[in-house]
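Novice: I need the structure of the sequence given here:
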Amino acid sequence: MDKDNKAKSTAELLESLKEQQFLADFNLLLYGCRDGAAAHSDMSVRQICSVVNNAFSRDTVIPYMEKHIRDVLISEKTVVCRMHGGLLGFLIPFRYGRERLCLVGEGVREKSINILKLEDLCRTAKSDVFEVLEKVEKMPVKTYQDVEEAATHTKNILLKLRTETIDSASSINETRNHLSLITQSLSRMDEIKCVEELIKFSGEALGTIFNFRRIAFALRDGKKNCYLVKGLIGLPEQLCSIAENKLSISIYPGSPKRFERPVNELKEIFPELSTGIYSCFPFEDGGDILGFIAVFDTVSGQTESPLVELLVNRIAARFIHLKKEREDVLVGSFSGNLMSLTNTLLFAESKEELYRSVLEIAADLVGASRGSIMLIDKNGTNLQVGFCKGMSSSVAQSITVKMGEGIAGKVASSGIPLMVDDVEKDDRVRMPNRPRFKTKSLLCVPLKLKDKTIGVLNLSDKDDMGAFNELDLDLLTTFANLASLMIERTWALERSFHLEKLSITDHVTGLYNHRFLRTRLEEELSRSTRNGLNLSVIFMDLDYFKIYNDIGGHLAGDGALKKVAEILKVSVREMDIVVRYGGEEFCTVLPDTTKKEAAQVAERIRLEIEKERFPNEENLPFGKLTASFGIASFPEDGHTFTTLIHSADLALYKAKAEGRNRVVLGRPVLPKEVA
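Specialist: Now for the predicted structure:
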């Protein structure tokens, strides 16, 4: 368009903007580049036209704002200004046709006026402070947010006008091409099943379609106190971590979503980046910011395209959907697999295996690579590691934590779970992060039975290097209740087994006792009868053991009994049953063994005892401790517990009568002998 038509068109544009109710109180001034559309640091700008309500404001504020017009045209970022004394205004860069323009809005003030900061305005207006104050007080009153909203709505109108004025064939073709590629991307996006794949796709799509050179993807971490920023294109993968209070995001219905901070402040947050164009598109879920996509060093004007926002908004929607879907799957998976988890824990063969299963399941539930189970000792004063993951077991076993001290001790003492985003910053913890931990986030959940805490479950180092969240805490707390029941059940079974073992075990030798012998021998006789198998019983008695006890005392006697018990255990098979029958008598049951084979076993045991050295044995009649043996076998010597034991006992007495230290075979027992 020629110069006159251009002036007429921009004046009409300004008049149409002035008709908007939210702009009625503003002075509106339109600026453009003197040397065409190219924007650079040396360009000059000029005022094209204006619609002014307050000449005083224009004359005093515009010199201040003109200093920023060039930067705004280069960055293509809307800026809202708070000036000396509480004056407010905005600068909006935009394209109108092929022209690069900047709309300046000013002439309003905040309710509170800072008289001390009116000095600059006084010097500009060459007036005294009271004269300036009188004129400022007459200006319309707005809040900073009012001006932000006015700037945002105006920007939307200008963007719409720009879209409507795209008339070149190349632009139309480019838009059609972008729409086609976006349509293909949207179709592909619906097939993406995980957040990690979506993040990768975001970089590929935005880079390919719009030729963006640097793109970052940020996710809010843990309790919403920071963003973890990951480079997608042209940036390091692990870019930085940004505290949430350093980024203020405003979202207005139907408007582009942008960070409030101007570019020069963002350079401090992203020192790795150059000074190019910066646009940010937050992911909003019910007013909650979950993350954002940031685009840097772009070709001017690209990030203002509605097509960019269309694609980014769909990426954000898919991200939110996948996030909720993942949370539902985790909760559903836990609920659906609860029986499977219960079975896994129920079939643990030992408490060590149970602890390992509990820790591995817990780590899988929340994606942790390191953890431990700590249990309260019998005295209730200390916590000790029952099982660990991701650390040396020897180191873990040496760790003892007092109740009420440290993170685990405090959780065990209070019975209240603790989730920490950063151990160095959390006021409840405030401790240096230890070198062996990759991240500063941790979860510590009590293991409780009703109101009694029995230990704690500690987890750290999430696989994705992020912080634990509320979902992790809920899942782990629910699982900890199940784990506590399984641990208590295992302890109860262990106590029951221990008591049962005590009732059937000899406390001196550790062998089974007479009570156990009857039950097992009757079981083996029944099995031998069903399967047509032989079974033999060896009775053994230590020779002159009363004398040995009198000479050396009971401690020496107990030591000798233990040695003999060890000889018996290593001399028979694992399936054989060795019992301390009473006093110095021992009984060995040999399933599936003939009398001849049993005699060979008995002779081997006799020789081993004879060779063994016992303290003070030289004072015995033979000069050493020896043993006598009697053997009885099923079926030839008896068919019942009573007849078989009696036959072996008679053979033992015969061995004693014949001079001791020998093996004698039994014979069938007559009914009158049993009686």
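Novice: Domain map for the chain?
Specialist: Recorded structural domains for the chain (assignment: automatic domain parsing) are 3-164, 169-332, 337-494, 514-674.
Novice: For Ile504, find the nearest of the ones you listed.
Specialist: domain 514-674 (3.9 Å; Cβ to Cβ). Placement of C-beta: from N, CA and C, glycine included.
Novice: before we move on, the earlier item: worst average pLDDT in the domains of the chain?
Specialist: Between the domains of the chain, the lowest average pLDDT goes to domain 169-332, which shows a mean of 67.
Novice: Can you say which helix or strand has Val411 in it?
Specialist: helix 406-414 (DSSP states H and E).
Novice: What is the subsequent helix or strand relative to that helix?
Specialist: Per DSSP H and E, the helix or strand that comes after helix 406-414 is strand 418-420.
Novice: Paired strands for that following strand, with orientation please.
Specialist: Note on strand 418-420: by DSSP bridges, its sheet partners are strand 442-449 (antiparallel).
Novice: Give me the contacts around the partner strand.
Specialist: 366, 368, 373, 375, 407-408, 411-412, 414-420, 423, 453-460, 468, 472-473, 476-477, 480-481, 483-485, 487-488 (Cβ atoms under 8 Å, 6 or more residues apart in numbering).
Novice: and what of stretch 513-529?
Specialist: By Cβ under 8 Å, 6+ apart, the surrounding residues in contact with stretch 513-529 are 503-506, 512, 533-535, 537, 577, 579-582, 587, 589, 591-592, 634-635, 639-641, 644-645.
Novice: Which among these count as buried?
Specialist: Buried by 16 or more other Cβ atoms under 10 Å: 505-506, 512, 533-535, 537, 577, 579-581, 587, 589, 591-592, 634, 641, 644-645, out of the contacts of stretch 513-529.
Novice: Among those, which ones are in helices?
Specialist: 641, 644-645 (DSSP state H).
Novice: Take the residues you listed and write them to JSON lines, including distance to Leu310.
Specialist: Formatted as JSON lines, these follow (distance: Cβ to Cβ, whole Å):
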{"residue": "Phe641", "distance to Leu310": "89"}
{"residue": "Leu644", "distance to Leu310": "92"}
{"residue": "Ile645", "distance to Leu310": "93"}
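Novice: what sits against the closest residue to Cys194 other than its chain neighbours?
Specialist: Once flanking residues are discounted, Cys194 sits nearest to Leu322: 6.5 Å by Cβ to Cβ, 6 or more residues apart in numbering. The contact partners of Leu322, by Cβ under 8 Å, 6+ apart, come to 192-195, 198.
Novice: I'd like to know which of these is nearest to Ile62.
Specialist: Leu198 (46.7 Å).
Novice: Quickly find the element holding the closest one.
Specialist: Leu198 is located in helix 195-210, with elements delineated by DSSP H and E.
Novice: Also Met65?
Specialist: Per DSSP H and E: helix 55-75 holds Met65.
Novice: One more: Ile293?
Specialist: Counting by DSSP H and E, Ile293 is part of strand 288-296.
Novice: and that strand, what does it pack onto?
Specialist: Under the contact criterion of 3 or more Cβ pairs under 8 Å, 6 or more residues apart in numbering; DSSP states H and E, strand 288-296 touches helix 195-210, strand 214-221, strand 226-233, strand 278-285, helix 306-336.
Novice: Just the ones in strands from the contacts of stretch 513-529, please.
Specialist: Judged by DSSP state E, the contacts of stretch 513-529 include 535, 537, 577, 579-582, 587, 589, 591, 634 as members of strands.
Novice: mind listing what's buried in stretch 81-96?
Specialist: Within stretch 81-96, the residues that count as buried by 16+ other Cβ under 10 Å are 81, 83-96.
Novice: tell me which of these is nearest to Ser57?
Specialist: Taking Cβ to Cβ as the measure, Ser57 lies nearest Leu87 of the buried residues of stretch 81-96, at 7.4 Å.
Novice: What separation do you get for the closest one and Ser187?
Specialist: Using Cβ to Cβ, to the nearest Å, Leu87 is found at 51 Å from Ser187.
Novice: Equivalent analysis for Tyr227, please.
Specialist: Here Tyr227 is placed at a distance of 30 Å from Ser187 (Cβ to Cβ).
Novice: Likewise for Ser57?
Specialist: In terms of Cβ to Cβ, Ser57 sits 53 Å off from Ser187.
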